[in-house]
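S.K.: Below are the sequence and a predicted model for it; my questions follow.
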Amino acid sequence: MVGVPESHTGWTFITSHARVLAAIADRPNVRIRDIAARCRLTERAVARIISDLEQDGYLSRTRDGRTNTYRIEPDKVLRHPAEAGLTVASLLSLLVRDETERMAEPIPR
């Protein structure tokens, strides 16, 4: 995947769950393989995170042939008490690139 930063050691500000959710918000029909590359996770870890997010109602998935399309629930409230009242949409507004910026870039092959 083009533009993916090198791997990082140590702590980070954003959780893997938030990174996966942002990758899905950026491209709702993204493949697990591409999420894994973008987030620097294994495909198994991404599948587990997607399962967590589905189980708790943060996203749903529909299957069309071999392609999954994900739907995020933007009004769902974040889990931690410190973020009480904040929605998924508010988190994603900080993490997902602007639509005009995304449309200006060539689609990676």
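M.R.: All right, it came through fine. Residues are numbered from 1 along each chain as shown.
S.K.: Let me see the ranges of the strands in the protein.
M.R.: For the chain, the strands defined by DSSP state E cover 59-64, 67-72.
S.K.: how much space between residue 90 and residue 25?
M.R.: 12 Å (Cβ to Cβ, to the nearest Å). All C-beta atoms are positioned from the backbone trio N, CA, C, and that covers glycine.
S.K.: do residue 66 as well
M.R.: 22 Å.
S.K.: Please apply the same query to residue 59.
M.R.: For residue 59, the distance to residue 25 - Cβ to Cβ - is 9 Å.
S.K.: Repeat that for residue 69.
M.R.: Taking Cβ to Cβ, one finds residue 69 at 13 Å from residue 25.
S.K.: related to what we said a few turns ago, more neighbours: which of residue 66 and residue 25?
M.R.: residue 25 (21 against 6; other Cβ atoms under 10 Å).
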